[in-house]
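Q: no sequence for this one, just the structure:
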């Protein structure tokens, strides 16, 4: 019910934090899912199945090695691996640091791949959870937006 409410009933464009959630939503007819945890090789078989099964299944990548693994493993027929670069803007939980040259290197690699489709950059501002005021949440938001805009500028 929560997923239906979050998507306005469309069953599209939902973000999950586990593969179990991805599979559960897929079983309930959702067909556009973003798996919010950075891709690791041990998930390849399940990710392949979800990519094959869904109209849209998107992955997060946070390092060049994950991109190389995906590029070396063909996606299902008539599909590409759809990937977002997970960016760390201060949460220190997952992702490539927003100002690290590695972020640019990863995107350059993605843009030259046959099996990968670079969708964009993505940040989860979980560092706002510790905020004790609306103003602090707004500061985290504004700082994160600034970091993402600056990174996007480097990627152009």
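A: Arrived safely, thanks for sending. Because the structure is predicted, anything quoted here is derived from the model rather than measured.

Q: go through the top helix by length along the chain and flag the buried ones.
A: When the chain is parsed with DSSP state H, its longest helix is helix 134-155. Judged by neighbour count (16 or more other Cβ atoms under 10 Å), helix 134-155 contains these buried residues: 137, 140, 144, 147, 148, 151. C-beta here means a position set from N, CA and C on the backbone, and glycine is covered the same way.

Q: what is the nearest of those to residue 130?
A: Distance to residue 130, by Cβ to Cβ, is smallest for residue 140 among these, at 9.0 Å.

Q: any chance you could map the strands in the chain?
A: 12-16, 32-38, 56-61, 81-88, 96-97, 116-123 (DSSP state E).

Q: ok, and what's touching the last one?
A: I take that to be strand 116-123. 34, 58, 60, 67, 70-71, 80-89, 91, 95, 98, 103, 107, 110-111, 144, 147-148, 151-152, 155 (Cβ atoms under 8 Å, 6 or more residues apart in numbering).

Q: and that strand, which residues are buried?
A: Within strand 116-123, the residues scored as buried using 16+ other Cβ under 10 Å are 116, 118, 119, 121, 122, 123.

Q: who touches stretch 29-42?
A: For stretch 29-42, contacts defined as Cβ under 8 Å, 6+ apart pick out 3, 7, 11-19, 22, 25-26, 47, 50, 54-63, 66, 69-70, 83-84, 86, 94-95, 122, 124.

Q: beta partners for the residue nearest the centre of the chain?
A: With distances taken as Cα atoms, centre = their mean, the residue of the chain nearest its centroid is residue 60 (3.2 Å). Residue 60 has these beta-bridge partners by DSSP bridges: residue 38, residue 84.
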